[in-house]
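K.L.:
My questions are about this predicted structure, shown below with the sequence.
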Amino acid sequence: MPHHDDTAHPFSETITRRGAGSLMLALAALTASPARALAEAAGPFGPPRPFHPDQVVALAKALAARPFVPQPIPASAAADYDAHVKLAYGQAAELPGHIRLFPARRDIGAAAVGIHIVNAGKARTLIDTHGLFGGGGAVDPAGFRVMFPDGHADWLAFLGASYFRAAGRLGQFGLSARGIAVDAGIDHSEEFPAFTQFWIEAPAEDRLLIHALMDGPSLTGAYTIDTTRQPDGAVQDITATVFLRRDIRRLGFAAMSSMYVAGEDGQGQRLDWRPEVHDSDGLSIIDGNRERIWRPLDNPPHEPRTNAYHVDGVKGFGLLQRDQNFDHYQDDNSFFDRRPSLWVEPKGDWGAGAVTLFAFPSISENVDNIACFYVTDAPAKAGQRRDIAYRLTWGSTVPGGDDNAVCTAVRMGPGGVPGADPIAGATRYVFEFAGKSLGGLGRDSGVVAITNLPKAAVLLNASGPINTRDAMWRVVLDVRTQDLAQDNFRLFLQRGGGAISETVIKSVRP
């Protein structure tokens, strides 16, 4: 992929280290030790100190000039899963903003984080957690969750590295957002920078301002995550400043992680009775020309797979759970049909880059085997500062839609007429589309399916409306996939020379 001059890229700004030592005074003031704070004030919080988000940026910049120091696992950490559940979900008090704490956990290496509550421009550090965990004990927090006002459930959670997630309109958690991705999918060398300090404001009942300090071997960062709970799901406006300690081969912004074990294409590694098992069923992209692209997810059977979709001026992307039909999952415990989609809307011009999709084989629904993020063309070099802003929308609908049809299902099987001997070396692909652009159209309406497959490889290209269902269309392709040179192909519906559907990018091989 082409590289651009660093100095001309909107993400990049070389930092200076002059005065970095004096900036550590700010770090000491904002993250005073519990022992010192206890000497200054009684109760669960330390004394109030002036706070501004710019201070978190200064902290991140100062940390970047120093060697990385891993956070130790505190002695008070929960020993295992059962202890974690009792502490996190037992009866306990809330912090302002309806916040409940997650405990540090020894068996998975969950380190402690600093919690600071902000009000009227003043921050107070949490120094005593008695009464804030089930059982009444004092434990170092590793993260937090935000409860609905009536306390019946949580709708937002931050726990582990830079992971966070929100419930959608149906009140169900699913995939996770990540502050950043570092070398994901490269030679088992992925790093997981962590949010180590949180400053939390609650300006309204349905709104939280969360400021977070990030630290990791290759970078530091300062994040402001302005979160609003809405009827259709949470919306988060994010601004981030990242400082690079060293060169990074693949730096991914607006990252997210999800799970895909099996879907309707029959190619997943399903080991139980449920027809489908996934948190997301596809990657959607709106490129700079407003073309909407759909890449159905799959579970690679043998080895990890990385796909990069180069775009100039990306308008949006995300991992979606389009299929919200309970009958397609038959799971009344995990409720995959209620899982939210996550959509990224860049703010400002992100320039040229690639929406990158990484997947590895998995047979467990408890493992996130899908990652997605944006990688700019400009190389990530030590000493750089990167600034980025974007909006996350968690919900069942995706912003920026139009009347063009979307792909709602992809199925695969042997090529040839059902019931007859299959065609050797051929695969049948069946695509289903739905949308207003297909309303009232029949077989004689001039709708055709366009692909970039070689003509010699296409044995059958048949399409038409699905009987008894308005505004739904089915495309059946028999493709000679044996010895086919390309790894994927593109397909969309066209009428009168114009596209009336999004473009689907389908892997040739599972």
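P.N.:
Yep, that arrived.
K.L.:
switch to C-alpha atoms for all contacts and neighbour counts from now on
P.N.:
Will do.
K.L.:
Could I get the full set of strands for the stretch 101-250 of the chain?
P.N.:
114-119, 122-125, 141-147, 154-159, 163-166, 176-178, 181-182, 194-204, 207-215, 219-230, 233-244 (DSSP state E, counting those that start in this stretch).
K.L.:
could you dump these to CSV with mean pLDDT, distance to Pro422 and mean neighbour count?
P.N.:
Compiled in CSV, the strands of the stretch 101-250 of the chain are given as follows (pLDDT from 0 to 100; distance: least, C-alpha to C-alpha, whole Å; neighbours: other C-alpha atoms under 10 Å):
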stretch, mean pLDDT, distance to Pro422, mean neighbour count
strand 114-119, 97, 61, 22
strand 122-125, 97, 68, 21
strand 141-147, 96, 53, 23
strand 154-159, 96, 49, 20
strand 163-166, 97, 45, 24
strand 176-178, 98, 41, 23
strand 181-182, 98, 43, 24
strand 194-204, 97, 52, 21
strand 207-215, 98, 55, 23
strand 219-230, 97, 51, 23
strand 233-244, 97, 46, 22
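K.L.:
Including distance to Asp349, could those strands go into a markdown table?
P.N.:
Output for the strands of the stretch 101-250 of the chain, formatted as a markdown table (distance: least, C-alpha to C-alpha, whole Å):
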| stretch | distance to Asp349 |
| --- | --- |
| strand 114-119 | 32 |
| strand 122-125 | 34 |
| strand 141-147 | 32 |
| strand 154-159 | 28 |
| strand 163-166 | 25 |
| strand 176-178 | 21 |
| strand 181-182 | 20 |
| strand 194-204 | 26 |
| strand 207-215 | 24 |
| strand 219-230 | 19 |
| strand 233-244 | 14 |
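K.L.:
Any idea which of the ones you listed gets closest to Lys455?
P.N.:
strand 181-182 (39.7 Å; C-alpha to C-alpha).
K.L.:
how close does the nearest residue in space to Ala240 that is not next to it in sequence get to Asn119?
P.N.:
Leaving out its chain neighbours, the residue that sits closest to Ala240 by C-alpha to C-alpha, 6 or more residues apart in numbering is Tyr223, at 4.4 Å. For Tyr223, the distance to Asn119 (C-alpha to C-alpha, to the nearest Å) stands at 18 Å.
K.L.:
again with Asp82
P.N.:
Taking C-alpha to C-alpha, one finds Asp82 at 35 Å from Asn119.
K.L.:
Stretch 472-484: which residues count as buried?
P.N.:
472-481 (16 or more other C-alpha atoms under 10 Å).
K.L.:
Could you do stretch 500-510 as well?
P.N.:
Neighbour-count burial for stretch 500-510, with 16+ other C-alpha under 10 Å as criterion, is recorded at 500-506, 508.
K.L.:
do the same with stretch 283-301
P.N.:
For stretch 283-301, a neighbour-count test (16+ other C-alpha under 10 Å) marks 283-287, 292-301 as buried.
K.L.:
now the end-to-end length of it.
P.N.:
19 Å.
K.L.:
what comes into contact with that stretch?
P.N.:
Under the contact criterion C-alpha atoms under 8 Å, 6 or more residues apart in numbering, stretch 283-301 has outside partners 260-263, 267-269, 280-282, 311-320, 355, 359-362, 407, 410, 502-506, 510.
K.L.:
Out of the buried residues of stretch 500-510, which sit inside helices?
P.N.:
Using DSSP state H, no member of the buried residues of stretch 500-510 falls in helices.
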